[in-house]
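# structure for the following, please:
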Amino acid sequence: MSDVVNLRQARKRRARAEKDERAKANRAKFGRSRAEKAEEAKERARQSRTFEGHRLDGRDPSDP
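The predicted structure is shown next:
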């Protein structure tokens, strides 16, 4: 014989599992500390300065 399954509880259990998976993905994607974000911004700024410093014409790229 098979077991009796309460469909309402099964749906809620599945919804909780899906929500936990989304939360896990979001923690991996967005879960960085303020210090980590600042360090990444500092590194991007350094790379930008290095890149712009190697321009041959010396113009600002935002000027038309």
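# and the longest helix along the chain, what's its mean pLDDT?
Among all segments of the chain classified by DSSP state H, the helix with the greatest residue count is helix 7-30. In this model, helix 7-30 has an average pLDDT of 94.
# next, residue 41: secondary structure please.
The local conformation at residue 41, judged by DSSP: H, G, I helix; E, B strand; the rest coil, is helix.
# just the pLDDT for it.
For residue 41, the pLDDT comes out at 92.
# quick check: it vs residue 26, distance?
Computed as C-beta to C-beta, to the nearest Å, the residue 41 to residue 26 distance reads 21 Å. Just so you know, the C-beta spots here come from the backbone N, C-alpha and C atoms, and that holds for glycine as well.
# how many other residues sit next to residue 33?
When neighbours are counted by other C-beta atoms under 10 Å, residue 33 registers 8.
# try residue 44
10.
# on the three-state scheme, it is what?
Going by three-state DSSP, the state assigned to residue 44 is helix.
# quick check: it vs residue 51, distance?
With the distance defined as C-beta to C-beta, residue 44 ends up 10 Å from residue 51.
# burial check on residue 32, number of neighbours?
Here the number of neighbours of residue 32 (other C-beta under 10 Å) works out to 13.
# and it, what does it touch?
The contact partners of residue 32, by C-beta atoms under 8 Å, 6 or more residues apart in numbering, come to residue 40.
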